[in-house]
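> Build me a model:
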Amino acid sequence: PGPRGRGDGESDAARCGDGHHMPDILHLSDLHSGPHHLPERAEGARRLAERLNPDVVVVSGAFTRRAKPGQFAQARAYLDGFGRPPIVTPGNHDVPLYRVWERFFAPYRNYRNYISEHLDSVHRAAGVTVVCLNSTRRFTITNGRIRARQLQFAERAFQEAGADHLRVVVTHHHLAPPPDFEGGDVMPGAGRAIEAFTQMGVDLTLAGHMHRAYIGDSLDFLPDDDREQGIVIVQCGTTSCSRGRGRERGRNSLNHIRTTSHEIVVTHYLWTDTDSEFRAYSQHRFGSRGNTWLSDLSGPADSGQDP
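Residues are numbered from 1 along each chain as shown. Okay, here's the model as predicted:
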């Protein structure tokens, strides 16, 4: 196995300046090394990362198809090619399905050996604190759950975050329903988690699992008359697997998130066979953010490298 980052559960990811740095994040998910993996599209994602040069790369789980050592080794080699350690969390496919003894007694052994020793982790970079919470469970086949102790873990991490930090939560399972509402129930307790994250001042959540994207606001599906601002919800389709679903059937996607002095901008990318690359498909802007990390910043929004 290759290097897996720091061993204390907390890392300094992509330090790139100080003060009021406005971070940007490249978000991949559901790589699925093994059957159905599409190497050309995985390499396309890495080429895009080289071009965009984000502060942070996040992969929100499902590194393998069947949690086998060879598949994890392939995923590890891919992650090492980014030149900086991506921020990661396990997915349900990273837990053995048919190897029953391993599933119940050592479900994360291969994940820990090849991807990361830590299942819940905190990562701090200039201008951002990212908390990864393991939403997988050895007793469930597809769905997941966030436990109360994990919410407490996140709360402690954000209490120690800089007042000017963007606050991000990464899970594998989705907190929002899929855009077509087809076969994609949210995690049990998702509403409780969203409410807790709102109280913690979380700005953004990243997830995958559905193999189709959703980009919106938590108030879209969990309205609250007492709250004017929700959490930006960014869910990624599969970046390099042939099993896209719903409106992304047969397609592959990823997201690029930029933050400016007055908004969060999410650009959704889709793979195009014509150009053999990921190209920007849609852009989603979330303004009027009332959080401390946006205060005392001036200057026009940087157009960056997205169209």
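> low-scoring pLDDT stretches of the protein, where are they?
Under the criterion pLDDT under 70, the flagged ranges of the chain are 1-21, 98-101, 103-105, 138-142, 179-184, 225-228, 261, 288-307.
> one more time with 80
The chain contains residues with pLDDT under 80 at 1-22, 97-106, 137-143, 177-188, 222-229, 260-262, 287-307.
> which stretches of it form strands?
Using DSSP state E, the strands of the chain run over residues 10-12, 24-28, 56-59, 87-88, 121-125, 128-132, 166-170, 204-207, 214-217, 232-235, 253-259, 263-272, 277-287.
> Looking at the ones you listed, which is nearest to A196?
Closest approach to A196 among the strands of the chain (CB to CB): strand 166-170, 9.8 Å. Placement of C-beta: from N, CA and C, glycine included.
> Determine the set of other helices and strands touching the closest one.
In terms of contacts (3 or more CB pairs under 8 Å, 6 or more residues apart in numbering; DSSP states H and E), strand 166-170 is packed against strand 128-132, strand 204-207.
> Okay, L79 and R285: tell me how far apart.
The gap separating L79 from R285 is 30 Å, by CB to CB, to the nearest Å.
> more crowded one of these two?
L79 (24 against 13; other CB atoms under 10 Å).
> for the more buried one, what are its contacts?
G2, V59, P85, P86, V88, I115 (CB atoms under 8 Å, 6 or more residues apart in numbering).
> Any of the residues you listed buried? List them.
Neighbour-count burial (16 or more other CB atoms under 10 Å) applied to those gives V59, P85, P86, V88, I115.
> Could you dump those residues into a markdown table and include distance to V202?
Below are the buried ones among the contacts of L79 laid out as a markdown table (distance: CB to CB, whole Å):
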| residue | distance to V202 |
| --- | --- |
| V59 | 19 |
| P85 | 23 |
| P86 | 20 |
| V88 | 19 |
| I115 | 24 |
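> and which of those residues is nearest A157?
V88 (16.2 Å).
> tell me which residues form a beta bridge with that closest one?
V59 (DSSP bridges).
> Quick check, it in contact with I115.
Yes. Contact between V88 and I115 holds when scored by CB atoms under 8 Å: they sit 5.8 Å apart.
> what about L52, how many neighbours?
17.
> Then P178?
Residues within reach of P178, counting by other CB under 10 Å, total 21.
> One more: Q152?
A total of 11 residues lie near Q152 under the criterion other CB under 10 Å.
> And R124, by the same measure?
As a burial measure, R124 scores 20 neighbours (other CB under 10 Å).
> ok, now P35?
P35 - counted by other CB under 10 Å - has 12 other residues nearby.
> For it, which residues are in contact?
R65, R66.
> Can you pull the phi/psi pair for it?
Backbone torsions for P35, taken as degrees, to the nearest 10, come to phi -60, psi 140.
> For S242, see how far away it is.
P35 is 9 Å from S242, where distance means CB to CB.
> And for N92?
From N92 across to S242, the span is 18 Å (CB to CB).
> So between these two, which is more surrounded?
N92 (21 against 16).
> Verify the contact between that one and Y111 for me.
No. Counting by CB under 8 Å, N92 does not reach Y111; the two are 11.4 Å apart.
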